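Asks: sharing a model prediction with you, sequence too.
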Amino acid sequence: MKTIKSLILGSAAGLIAVGGAQAADLPVKAKAVEYVRICSLYGAGFFYIPGTDTCIKLGGYLRADLTINGGIYNGPFWNGEGGIRDRYANFYNDRSRLALTIDTRTATEYGVVRTFGQADFQFSTFGSGSSIGVQGSVNPAAWQGQVNNDTAGNGYTAVEMVFIQFAGFTFGKSASAFSTPWHGYPGNNSSFLIGGFDTVTGINNIQYSWQFGNGVSATLGIDDSSANGFNRTQIINAVGGPAGGSIGFGGASSANITGVGSAYGGTTAPDIVGNVRVDQAWGLFQISGALHDNRAGYFGTANTVGAAVGGFTQAGNVNTGHPDDKWGGAVSAALQIKNIPTGAGDDIKMDATWSLGASKYVLATSSPTPSAFDIYSGTKLAMGVVTDSIYSGASATNAQTQQQLTRGWGFRGAFNHNWDPYWSSSLFGGIAGLSYNSTAKTLYCNAYSTTAGIAIGGTGNVTNGGGTAANMAAGSSCDPGFTVSMIGLTTRWTPVKNLTFSAEVLYAYLKTNMSGGATAQSPSTALPLATTNYTYGSNGTTSLNLRVQRNF
């Protein structure tokens, strides 16, 4: 019995020893895999970057669209080859774009730290509104694909918003504090709706925002005032007519008034901008203001291109002195009304703007504003010139005259209606105008005359700076001011979430302040048809945009 008991205990001890040895030989348990966690602090689509407390959201869209009888993104044919309607124009233009956005946010004791960036990878019709032949003669770099690189197998990247937000501050390329939340898109697809300001693609700035509660906020900022195409148009030095300039005619063989560049000087002060805004369940109301410094070059031929420093002829210019800086600016009021009785999700957006020496604030688009508008209909011509100011330097026939600031005004808006969860439409429009005082008119018109000058309302010659001229008919009136208006309708179909097909028809109308007529002299580059009688009058143009867009 004792022997059996010893045998059993020994066997048990052996089993325990074997079991302990096996347990000791087992591999160490692997560390748990750290899966991506959803971040619900900042809305849908955010997740934590593994190993950090930073949330990130990746997004963007892919868009393909086609414009018939207009430029890319439904740009009206209101100048250039499309405005002339000659055989150098592309009468349809298209673009494909992939936009990628990165949004990161981190909660700190100072509040949320945010970074945001958007890059657009895109490819467009070669020239995007002009022709291969004209691009080759006017801009060889564009013809070689070195500007937008819209050539076979290529394309290009465009940078939109790139900014950091911290403790109420915003640093980088972001929307201006002057802009409305909808920028130039109250309900349209077109990137060219005029009537107000538009920084949807961003502008370099620094700004600070205050949140007062109950939906009331205020923002004060400084924007880059040298951003040509964003917050300034051009200053014209009317000293004897800059070389290569004309009275604003544009086209395949003509030199536009800005063919030699603006007479803007360098920058000494940024644009000072700000807004006060109220966001409520019923909608939004915002008042904005901006100050803009108009700093011109010299009284001499500051527009004349030369081989000296910076590509401009400097000899003699410094000795002529310069006009004084003049501050201009703009004010704007914006309103959005929600919950209107026409249907769920319907709204009305509108804004009105007035400017002085800051024409971009009423004529902004997501692309540079044209320096001149020209729409031809046979021999009928509508035209207008875009400036922030006009001045004149010393010459044999022109005394020094200080900057004459250009006045501007604009209005735009849209009514947006949802027919059902799949179909929606927007009726939108915009209007803007520029006007010049009597001194500015005289400076402008006299500078482009081959005689002693064009008497306002009288007879004179309009030169293109190259020795040829367009003779104005007796009784004609020379006034570079104008009014341009637009109206359009967009209809969208969204068969599945985030996939939208849309069609937009747009009509743009240019009312010129020029009256009477002119005859192009031969040989002439001022007007496309030599020895032809032209009549000044208002013209319009219609375009159609078709688009498909997938958001993600």
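Replies: It's in. Residues are numbered from 1 along each chain as shown.

Asks: what bridges to residue 326?
Replies: Per DSSP bridges, the residues bridged to residue 326 are residue 294.

Asks: could you measure it against residue 237, distance?
Replies: Going from residue 326 to residue 237 by CB to CB, to the nearest Å gives 14 Å. For the C-beta atoms, the positions are set from N, CA and C on the backbone; glycine is no exception.

Asks: enumerate every residue touching the closest residue to residue 479 other than its chain neighbours.
Replies: Excluding the flanking residues, the one nearest residue 479 by CB to CB, 6 or more residues apart in numbering is residue 513, at 3.9 Å. Contacts for residue 513 (CB atoms under 8 Å, 6 or more residues apart in numbering) come out as 384, 435, 477, 479, 480, 481, 482.

Asks: what do you get if the cut-off is 6 Å, keeping everything else the same?
Replies: Contact analysis of residue 513 by CB atoms under 6 Å, 6 or more residues apart in numbering lists 479, 481, 482.

Asks: so of those, which ones are in helices?
Replies: In this view, those have no member that belongs to helices under DSSP state H.

Asks: weed out the non-buried ones from the residues you listed.
Replies: 479, 481, 482 (16 or more other CB atoms under 10 Å).

Asks: which one of the contacts of residue 513 is nearest to residue 46?
Replies: Nearest to residue 46 out of the contacts of residue 513 is residue 482 (CB to CB; 47.7 Å).

Asks: so who does the closest one touch?
Replies: Here residue 482 is in contact with 384, 512, 513 (criterion: CB under 6 Å, 6+ apart).

Asks: out of those, which sit inside strands?
Replies: 384, 512 (DSSP state E).

Asks: of the buried ones among the contacts of residue 513, which belong to strands?
Replies: Using DSSP E, the buried ones among the contacts of residue 513 in strands are residue 482.

Asks: output the buried ones among the contacts of residue 513 in JSON lines; the columns should cover distance to residue 341 and pLDDT.
Replies: Output for the buried ones among the contacts of residue 513, formatted as JSON lines (distance: CB to CB, whole Å; pLDDT from 0 to 100):
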{"residue": "479", "distance to residue 341": "45", "pLDDT": "88"}
{"residue": "481", "distance to residue 341": "41", "pLDDT": "94"}
{"residue": "482", "distance to residue 341": "38", "pLDDT": "96"}
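
Asks: just the CA trace of stretch 212-230, in PDB.
Replies: What follows is stretch 212-230, C-alpha atoms only, in PDB (Å, rounded to 0.1, in the frame of the first residue of the first chain):
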ATOM      1  CA  PHE A 212     -18.900  86.600 -28.300                       C
ATOM      2  CA  GLY A 213     -21.500  83.800 -27.900                       C
ATOM      3  CA  ASN A 214     -25.000  83.500 -29.200                       C
ATOM      4  CA  GLY A 215     -23.600  83.200 -32.700                       C
ATOM      5  CA  VAL A 216     -21.900  86.700 -32.700                       C
ATOM      6  CA  SER A 217     -18.300  86.900 -33.900                       C
ATOM      7  CA  ALA A 218     -15.800  89.400 -35.200                       C
ATOM      8  CA  THR A 219     -12.600  89.000 -37.200                       C
ATOM      9  CA  LEU A 220      -9.800  91.400 -37.900                       C
ATOM     10  CA  GLY A 221      -7.000  90.600 -40.400                       C
ATOM     11  CA  ILE A 222      -4.300  91.800 -42.800                       C
ATOM     12  CA  ASP A 223      -4.200  90.400 -46.300                       C
ATOM     13  CA  ASP A 224      -1.300  90.400 -48.800                       C
ATOM     14  CA  SER A 225      -1.800  93.600 -50.800                       C
ATOM     15  CA  SER A 226       0.600  92.600 -53.500                       C
ATOM     16  CA  ALA A 227      -1.500  89.600 -54.500                       C
ATOM     17  CA  ASN A 228      -2.300  90.700 -58.000                       C
ATOM     18  CA  GLY A 229      -5.500  89.000 -59.100                       C
ATOM     19  CA  PHE A 230      -6.800  88.800 -55.500                       C
END
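
Asks: just the strands in the stretch 351-500 of the chain please.
Replies: Taking DSSP state E, counting those that start in this stretch as the test, the strands found in the stretch 351-500 of the chain are 372-377, 380-385, 389-392, 401-405, 407-418, 423-435, 461-463, 469-472, 482-496, 499-512.

Asks: what's the most buried one of these?
Replies: Neighbour counts (mean count of other CB atoms under 10 Å) averaged over each of those peak at strand 389-392, with a mean of 28.

Asks: and the contacts of it?
Replies: Contacts for strand 389-392 (CB under 6 Å, 6+ apart): 235-236, 238-239, 294, 323, 357, 398, 401-406, 440, 443-444.

Asks: could you spell out the sheet neighbours of that strand, each with its direction?
Replies: strand 235-237 (parallel), strand 401-405 (antiparallel).

Asks: what comes up buried for the shortest one?
Replies: Neighbour-count burial for strand 235-237, with 16+ other CB under 10 Å as criterion, is recorded at 235, 236, 237.

Asks: what's the single longest strand in this structure?
Replies: strand 92-108.

Asks: got the CA coordinates for it in CSV?
Replies: Output of strand 92-108 as CSV, limited to C-alpha atoms (Å, rounded to 0.1, in the frame of the first residue of the first chain):
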residue,chain,number,x,y,z
TYR,A,92,-15.5,74.6,-75.8
ASN,A,93,-13.2,74.2,-72.9
ASP,A,94,-12.9,71.4,-70.3
ARG,A,95,-11.1,70.6,-67.1
SER,A,96,-10.6,67.5,-64.9
ARG,A,97,-9.6,68.0,-61.3
LEU,A,98,-8.7,65.8,-58.3
ALA,A,99,-8.8,67.9,-55.1
LEU,A,100,-7.2,66.4,-52.0
THR,A,101,-7.7,68.0,-48.5
ILE,A,102,-6.0,67.2,-45.2
ASP,A,103,-7.5,68.5,-42.0
THR,A,104,-5.8,67.9,-38.6
ARG,A,105,-7.0,69.0,-35.2
THR,A,106,-5.5,68.6,-31.7
ALA,A,107,-7.2,69.7,-28.4
THR,A,108,-4.9,71.7,-26.2
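
Asks: what sits up against it?
Replies: Residues contacting strand 92-108 (CB under 6 Å, 6+ apart): 42, 54-57, 59-64, 66-68, 71-72, 112-125, 128-129.

Asks: strands - which of these land there?
Replies: Reading strands off those with DSSP E, I get 54-57, 59-64, 66-68, 112-124.
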